[in-house]
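Peer 1: this is the structure alone, sequence omitted:
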């Protein structure tokens, strides 16, 4: 086998598809979860049930978070072909151009905005058509919501009434403003990265996809990664890599797999009885995520909004029939239809807050059941300063990692959360929404101290973990600008864990871009090796 890829999430699907385009390159893709056959994956609104059932979801929890009154946060991750792109809210955002320029300025050559924009366009098929910012020939289908909820349109109008610019394209010339998100849909269904990149090519004879395969360690021989051990149906098996092992297990499990393989901070490995194969202190460090809190509004009688009631159940049943027949109707929603990128204060060079407007009451981030109809709105801090870690909870490779994003541990993050909470409330109070007679459930929370207490009681991450195998050349960095693990041959990490800092937006599209860039790097390396071999033969 030439390449072994661990994790069939967004990055792994891209790499498997791109590398197997060469019929002479053998690729094995390992995925711990099952195939993506569940209709809850393909029906966009199925996300609501998946959040409650835990289906095809690792369903991790964090360690107790000191800044959140000792509560454990929730960390859902897709455990299925397509990974988290099969269970997420399908929002297509890239972040702000300055995010990538900052990566490059930190010493990561080739990662500036001008270098990565062509890769975003390469991956994208935007149904609006191609322009200076968008592609129209890529595998990943991006489109406007076909039937946005009337309340999402009202949210946009409320934002305009609040003085924010209307923005029809958060991935265009300007990020700031209020508008509807574009989504990764196609023909009324979720367009996961698996459906976009992997599924059309499963018949390739040089592409080998193994599901139910839980990777347990990277095989290291003579300072080089030579394969992966994995457990399937209770038996350990191994697959060898002649060229490289590519870790695409995400910001929580790629560092875990490195640690289980003896790659990481030596003291931590020895505490768990793991032999140190390669001392690399940065593995698992610098974990961070967007801290987020939700306001919930009851809107009695608003049957256009999703909710639990006899009328709501009847409407959902009719919607299911329509979706099954036509792939249209209310179940094509991604729920988080509207959004905004805002500045917490004038004079900032870029937005530092993001809103997600949800056409249902999202209590406990959708994991609790509430009766009635209403809407919700998230606010998150886009450039958090808090940093945490991923560590081993156990040397058992099947155990969950110890996840500590250290949410709101930096006081600046809490300051911005309080400001964002106030800005969100002010926006939602404008006539376009207020005319519907809704009632904010947290209306009694008024002072800064009360808002801070509310945030500590209810905030969580918005499920964008990054940074735990950080790219850079410093002592605490894990991979170089080519995504090669420092000090080891034949091993790269290709997923959100390599981000030096989280982008100002949802992270799925950036992970696809990272994988497209890695595939180009690998192909260029293969071509260079082939040229060298020819020159040696001639000599």
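Peer 2: On my side now, so go ahead. Computed from a predicted model, the values in this text were never measured in an experiment. Residues are numbered from 1 along each chain as shown.
Peer 1: how about the strands in the stretch 1-150 of the chain?
Peer 2: Along the stretch 1-150 of the chain, counting by DSSP state E, counting those that start in this stretch, strands occupy 3-6, 27-31, 60-65, 71-75, 124-126, 140-144.
Peer 1: cool, the stretch 351-500 of the chain as well?
Peer 2: Under DSSP E, counting those that start in this stretch, the stretch 351-500 of the chain gives strands at 353-358, 372-381, 388-391, 402-404, 439-440, 460-461, 491-493.
Peer 1: on the pLDDT front, check residue 312 for me.
Peer 2: Looking at residue 312, its pLDDT reads 89.
Peer 1: what does residue 367 give?
Peer 2: Reported pLDDT for residue 367: 68.
Peer 1: got it, and residue 533?
Peer 2: Taking residue 533 on its own, its pLDDT is 59.
Peer 1: got it, and residue 362?
Peer 2: Residue 362 is given a pLDDT of 88.
Peer 1: residue 49 now?
Peer 2: Residue 49 is given a pLDDT of 83.
Peer 1: can you show me the helices along the stretch 101-250 of the chain?
Peer 2: 113-123, 150-161, 193, 250-260 (DSSP state H, counting those that start in this stretch).
Peer 1: list the helices and strands the shortest one packs on?
Peer 2: Going back to what we said before, that points to helix 193. helix 10-19 (3 or more C-beta pairs under 8 Å, 6 or more residues apart in numbering; DSSP states H and E). (Glycine included, C-beta is placed from N, CA and C.)
Peer 1: quick one: closest of the strands of the stretch 351-500 of the chain to residue 266.
Peer 2: strand 388-391 (13.3 Å; C-beta to C-beta).
Peer 1: for the record, mean pLDDT for the closest one?
Peer 2: 98.
Peer 1: distance from that strand to the middle of the chain?
Peer 2: Counting by C-alpha atoms, centre = their mean, to the nearest Å, strand 388-391 is centred 17 Å from the centre of its parent chain.
Peer 1: so what touches it?
Peer 2: For strand 388-391, contacts defined as C-beta atoms under 8 Å, 6 or more residues apart in numbering pick out 251-252, 255-256, 259, 268, 284-288, 401-407, 409, 468.
Peer 1: got it, and stretch 316-323?
Peer 2: Contacts of stretch 316-323 with the rest of the structure, by C-beta under 8 Å, 6+ apart, involve 43, 45, 188, 306, 328-332.
Peer 1: can you pull out the strands in the stretch 151-300 of the chain?
Peer 2: Using DSSP E, counting those that start in this stretch, strands in the stretch 151-300 of the chain cover 177-180, 182-183, 185-186, 189-190, 207-211, 214-221, 224-232, 235-240, 244-247, 263-264, 278-279, 285-287, 291-298.
Peer 1: redo those as TSV? Include mean pLDDT.
Peer 2: Compiled in TSV, these are given as follows (pLDDT from 0 to 100):
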stretch	mean pLDDT
strand 177-180	98
strand 182-183	98
strand 185-186	98
strand 189-190	98
strand 207-211	98
strand 214-221	98
strand 224-232	98
strand 235-240	98
strand 244-247	98
strand 263-264	98
strand 278-279	98
strand 285-287	98
strand 291-298	97
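Peer 1: will you turn these into JSON lines that also has distance to residue 75?
Peer 2: Below are these laid out as JSON lines (distance: least, C-beta to C-beta, whole Å):
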{"stretch": "strand 177-180", "distance to residue 75": "27"}
{"stretch": "strand 182-183", "distance to residue 75": "23"}
{"stretch": "strand 185-186", "distance to residue 75": "25"}
{"stretch": "strand 189-190", "distance to residue 75": "21"}
{"stretch": "strand 207-211", "distance to residue 75": "22"}
{"stretch": "strand 214-221", "distance to residue 75": "18"}
{"stretch": "strand 224-232", "distance to residue 75": "22"}
{"stretch": "strand 235-240", "distance to residue 75": "27"}
{"stretch": "strand 244-247", "distance to residue 75": "18"}
{"stretch": "strand 263-264", "distance to residue 75": "20"}
{"stretch": "strand 278-279", "distance to residue 75": "27"}
{"stretch": "strand 285-287", "distance to residue 75": "10"}
{"stretch": "strand 291-298", "distance to residue 75": "13"}
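Peer 1: make JSON lines out of those strands and add mean neighbour count.
Peer 2: Formatted as JSON lines, the strands of the stretch 151-300 of the chain follow (neighbours: other C-beta atoms under 10 Å):
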{"stretch": "strand 177-180", "mean neighbour count": "22"}
{"stretch": "strand 182-183", "mean neighbour count": "24"}
{"stretch": "strand 185-186", "mean neighbour count": "20"}
{"stretch": "strand 189-190", "mean neighbour count": "23"}
{"stretch": "strand 207-211", "mean neighbour count": "18"}
{"stretch": "strand 214-221", "mean neighbour count": "20"}
{"stretch": "strand 224-232", "mean neighbour count": "19"}
{"stretch": "strand 235-240", "mean neighbour count": "13"}
{"stretch": "strand 244-247", "mean neighbour count": "28"}
{"stretch": "strand 263-264", "mean neighbour count": "28"}
{"stretch": "strand 278-279", "mean neighbour count": "18"}
{"stretch": "strand 285-287", "mean neighbour count": "24"}
{"stretch": "strand 291-298", "mean neighbour count": "24"}
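Peer 1: of the ones you listed, which approaches residue 476 most closely?
Peer 2: Residue 476 lies closest, by C-beta to C-beta, to one member of the strands of the stretch 151-300 of the chain: strand 285-287, at 5.7 Å.
Peer 1: gap between residue 290 and residue 275?
Peer 2: Separation of residue 290 from residue 275 (C-beta to C-beta, to the nearest Å): 36 Å.
Peer 1: give me the more crowded residue out of the two.
Peer 2: The neighbour count for residue 290 versus residue 275, taken as other C-beta atoms under 10 Å, is higher for residue 290 (28 against 9).
Peer 1: now do the contacts for the more buried one.
Peer 2: Residue 290 touches 354, 380-382, 384, 461-462, 464, 502, counting by C-beta under 8 Å, 6+ apart.
Peer 1: for those, which one is nearest residue 80?
Peer 2: Nearest to residue 80 among the contacts of residue 290: residue 464, at 18.9 Å, using C-beta to C-beta.
Peer 1: what about the closest residue to the closest one other than its chain neighbours, neighbour count?
Peer 2: Spatial nearest neighbour of residue 464, excluding adjacent residues (C-beta to C-beta, 6 or more residues apart in numbering): residue 507 at 4.5 Å. Here the number of neighbours of residue 507 (other C-beta under 10 Å) works out to 28.
Peer 1: phi, psi for the nearest residue to residue 350 once chain neighbours are set aside please.
Peer 2: Using C-beta to C-beta, 6+ apart and skipping the chain neighbours, the partner closest in space to residue 350 is residue 96 (4.9 Å). Dihedral pair for residue 96: phi -100, psi 140, per degrees, to the nearest 10.
Peer 1: mind listing what residue 96 touches?
Peer 2: 175, 350-351, 503-505.
Peer 1: what of residue 28?
Peer 2: Per C-beta under 8 Å, 6+ apart, neighbours of residue 28: 1, 3-5, 208-210, 239, 241.
Peer 1: max pairwise distance over those: which two?
Peer 2: 209 and 241 (15.5 Å).
Peer 1: against residue 420, how distant is the closest residue to residue 36 other than its chain neighbours?
Peer 2: Among residues not flanking residue 36 along the chain, residue 81 sits closest, at 4.4 Å (C-beta to C-beta, 6+ apart). Between residue 81 and residue 420 the computed distance is 35 Å (C-beta to C-beta).
Peer 1: can you get me a residue count around residue 81?
Peer 2: 29.
Peer 1: ok, residue 476 next?
Peer 2: Counted with other C-beta under 10 Å, residue 476 comes out at 13.
Peer 1: not counting its neighbours along the chain, what's nearest it?
Peer 2: Counting by C-beta to C-beta, 6+ apart, the residue nearest residue 476 is residue 282, at 4.0 Å.
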